[in-house]
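>>> starting from these lines, generate the structure:
(one chain, ligands or ions: 1)
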Amino acid sequence: MKNKYLIAYFSKTQNTEKIAKELGNLLDADFHEIKEKVEYKPEDINWTVEDCRANRENNDPQCRPDIQDEALSDNFDVLLLGFPLWWGEPPKVIRTFLEKNEDLLKSKKIVIFCTSQMTPIYQAQMNLRYGYPKLKFVSGARLSNYSPEQIKAWTKTFDR
Ligand SMILES: Cc1cc2nc3c(=O)[nH]c(=O)nc-3n(C[C@H](O)[C@H](O)[C@H](O)COP(=O)(O)O)c2cc1C
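Coordinates of the predicted model:
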């Protein structure tokens, strides 16, 4: 039987959102945008400034920024979870999202995808697997600079 997909994504400068939309078209998926409660302003994500909010959050292992409380539907088998890499890691709101929804997600397959300027996905994927041993993260990908054909080919690795 065909998988039902939900694409949950966090994106501040639309790079990840663009990929999420392409995946949505290919997989006929539903969307769930993960949104922070206290909005990141441009200066909050100016990562060249050592003390910007995103960098401070990233350096604090306990930090779980609040996210907007939009209930997650249960009508999917596979979660595609998309985010930009912030210092090689998922932004902390992704951890907030996973922890809030852990019970529901325990029975699902999770495929992560990310965008970044150049950092590969491996460290982020390894740390998510290590941090959330009850969740099933199947192999993910960094989709920056992928052509629509390459994105389509990638979906075939799990859409069968
Ligand atoms: C706080 C912060 C940290 C970042 N750290 C990295 C990094 O370690 N490596 C990298 O290649 N890109 C890094 N980037 C760039 C983003 O990963 C990249 O621009 C991404 O595509 C943005 O996705 P979005 O438009 O969906 O928000 C960082 C960006 C921000 C805001």
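>>> and Glu99, how many neighbours does it have?
Using other C-beta atoms under 10 Å, the number of residues around Glu99 comes to 12. In short, each C-beta sits where N, CA and C put it, glycine included.
>>> contacts only, for Pro84.
10-13, 15-16, 91, 114-116 (C-beta atoms under 8 Å, 6 or more residues apart in numbering).
>>> what is the residue nearest the centre of the chain paired to in the beta sheet?
In the chain, the centroid-proximal residue (C-alpha atoms, centre = their mean) is Gly82; its distance is 2.7 Å. Here Gly82 shows beta-bridge partners Tyr9, Phe113, assigned using DSSP bridges.
>>> list the contacts for it?
Gly82 neighbours (C-beta under 8 Å, 6+ apart): 7-11, 16, 19-20, 23, 112-115.
>>> one more: Tyr132?
So Tyr132 contacts 98, 102 (C-beta under 8 Å, 6+ apart).
>>> check what pLDDT the residue nearest to the centre of the chain gets.
pLDDT, Gly82: 98.
>>> so which residues on the protein come close to the ligand?
By C-beta under 6 Å from any ligand atom, the part of the chain that sits against the ligand consists of 11-17, 45, 47, 54-55, 84-88, 115-119.
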